[in-house]
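Asks: Provided below for reference: sequence and predicted model.
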Amino acid sequence: MHFVSMYKRVSTEEIVRLGFNHSDIRRARSCCLRRLSRGTYLVRHVCDQDFHRPLWASIDEKVHQVFIEHGDMRDQVEELNASVMAHYAQRSDRLTDAGKSNPPPEVFSHISAALMHSLPVAYPVTHQVEVVRPGINRRFKSIHVRGSRIPRSHRTTIGGAEVTTLERTLIDVARSYNLDISVAMLDDALRRGLTSKTKTFETLAQCLEKRNVSKVRSAIDLSDPRRESPAESIAAVRFFQHGITGMEPQITGVPREELERERHREQWLRDRGWRVVRISWKELFQEAKFEEIRRAIRAAQKIQA
């Protein structure tokens, strides 16, 4: 991933140098400009205002990408991704500008590191860039700084940025966020062969921080490489939380062919007296569907008994 060049990021100072005043910037924010943090903006797309051309020319020339907006929670995750890139770009600018003081040493961590490792964020859990600066624990409006000590073996470099390793990132997320967020990432990493449970447990044993160790172990134990989407991972976590056991991930093939096979399989099951339950994304975050499943399982068990 190339953090600097994926999206067009501009500072207020740069926009002013292009000939815009503060009123122009306010108007552009309702058009092609999106504010990421104080003094930092993302150019979203090419617009029909020729006056804005200096902002979006590099997108028109395919140097930078369009910030695709879906109108749902994916936009929040992608905006955080852009903020991570912008933070790294700002640090790089300060390091190469002799007239500016060097930024403090830091390591990207937690959700920010997960994005840099291309792990899925099932749903938005933070708007802040997350970094580690030893001995400093502070929350700013757009940055969350943790003072953890990260061993050298738990750090790596991606695109020039220092980041926690994949295993350490998975552990940090599991330690600090809900199971449905961490298990979705673990499932994805295992499915793609990026790591193993054994290696993740070994990294956990090396961590100096012992907070929420049982929570991290639960996330690793629950993970399964057969799951193919965050929705399936979240469902597995909900089953665990509701005490519903024995659920096995389904193995799928070519999507279009599999969809047709799925319809036939469901009908085959219904014809033989089985009850098929579908869970929507919204229902993954509600109690009712899982209570319904638990009642159905108990009813079936009584009949069998």
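Replies: Yep, it's here.
Asks: contacts for the helix or strand where Val84 lies?
Replies: Assigned by DSSP states H and E, Val84 belongs to helix 74-96. For helix 74-96, contacts defined as C-beta atoms under 8 Å, 6 or more residues apart in numbering pick out 3-4, 6-7, 9, 11, 34, 36-37, 40, 42, 67-69, 100-103, 106, 108, 111-112, 115-116, 121, 123-124, 126-129, 131, 142-143, 159-161. Just so you know, the C-beta spots here come from the backbone N, C-alpha and C atoms, and that holds for glycine as well.
Asks: Would you mind checking the residues you listed for buried ones?
Replies: Buried subset of the contacts of helix 74-96 (neighbour count, 16 or more other C-beta atoms under 10 Å): 3-4, 7, 9, 34, 36-37, 40, 42, 67, 106, 108, 111-112, 115-116, 121, 123-124, 126-129, 131, 142-143, 161.
Asks: Which ones among the residues you listed map onto strands?
Replies: Arg9, Arg34, Leu36, Ser37, Thr40, Leu42, Phe108, Val129, Val131, Ile143, Ala161 (DSSP state E).
Asks: quick check, nearest of those to Leu18?
Replies: Of all those, Leu18 sits closest to Arg9, with 13.7 Å by C-beta to C-beta.
Asks: so what's the closest one bridging to?
Replies: Counting by DSSP bridges, Arg9 is bridged to Leu42.
Asks: Which residue in the ones in strands among the buried ones among the contacts of helix 74-96 has the weakest pLDDT?
Replies: Across these, the smallest pLDDT goes to Ser37, namely 85.
Asks: So for the closest residue to it other than its chain neighbours, what pLDDT did the model give?
Replies: Spatial nearest neighbour of Ser37, chain neighbours left out: Ser142 (3.9 Å); criterion: C-beta to C-beta, 6 or more residues apart in numbering. Per-residue pLDDT puts Ser142 at 92.
Asks: got a list of what Lys62 touches?
Replies: Lys62 touches nothing, counting by C-beta under 8 Å, 6+ apart.
Asks: Tell me how far the nearest residue in space to Val84 that is not next to it in sequence lies from Ala161.
Replies: Of all residues not flanking Val84 in the chain, Ser112 sits nearest, at 4.8 Å (C-beta to C-beta, 6+ apart). From Ser112 over to Ala161 the distance is 10 Å, taken as C-beta to C-beta, to the nearest Å.
Asks: how about the strands in this structure?
Replies: Assigned by DSSP E, the strands in the chain fall at 8-11, 33-37, 40-43, 107-108, 129-132, 138-139, 143-146, 155-158, 161-164.
Asks: Quick check: Glu232 touching Glu248?
Replies: No - counting by C-beta atoms under 8 Å, Glu232 stays clear of Glu248, with 11.1 Å between them.
Asks: quick one: least confident helix or strand in the chain?
Replies: helix 255-271 (a mean of 69; mean pLDDT, DSSP states H and E).
Asks: quick one: low-confidence parts of the stretch 51-200 of the chain?
Replies: 97-98 (pLDDT under 70).
Asks: contacting residues for the residue nearest to Arg211 when sequence neighbours are not counted?
Replies: Spatial nearest neighbour of Arg211, excluding adjacent residues (C-beta to C-beta, 6+ apart): Arg175 at 6.3 Å. Applying C-beta under 8 Å, 6+ apart to Arg175 gives the contacts Glu209, Arg211, Asn212, Val213, Lys215, Val216.
Asks: what's the lowest-pLDDT member of the residues you listed?
Replies: Glu209 (91).
Asks: so that one sits right up against Ser148, yeah?
Replies: Yes - the pair Glu209 / Ser148 is scored as a contact, 5.8 Å apart, by C-beta under 8 Å.
Asks: Compare these two and say which one has the larger neighbour count.
Replies: Shown here are Glu209 and Ser148; by other C-beta atoms under 10 Å, Ser148 has more neighbours (20 against 15).
Asks: For the more buried one, list the residues it contacts.
Replies: Here Ser148 is in contact with Ser109, Val132, Pro134, Leu208, Glu209 (C-beta under 8 Å, 6+ apart).
Asks: Buried subset of these, written for ChimeraX?
Replies: Only the buried entries of the contacts of Ser148 go into this ChimeraX selection, using 16+ other C-beta under 10 Å:
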select :109,132
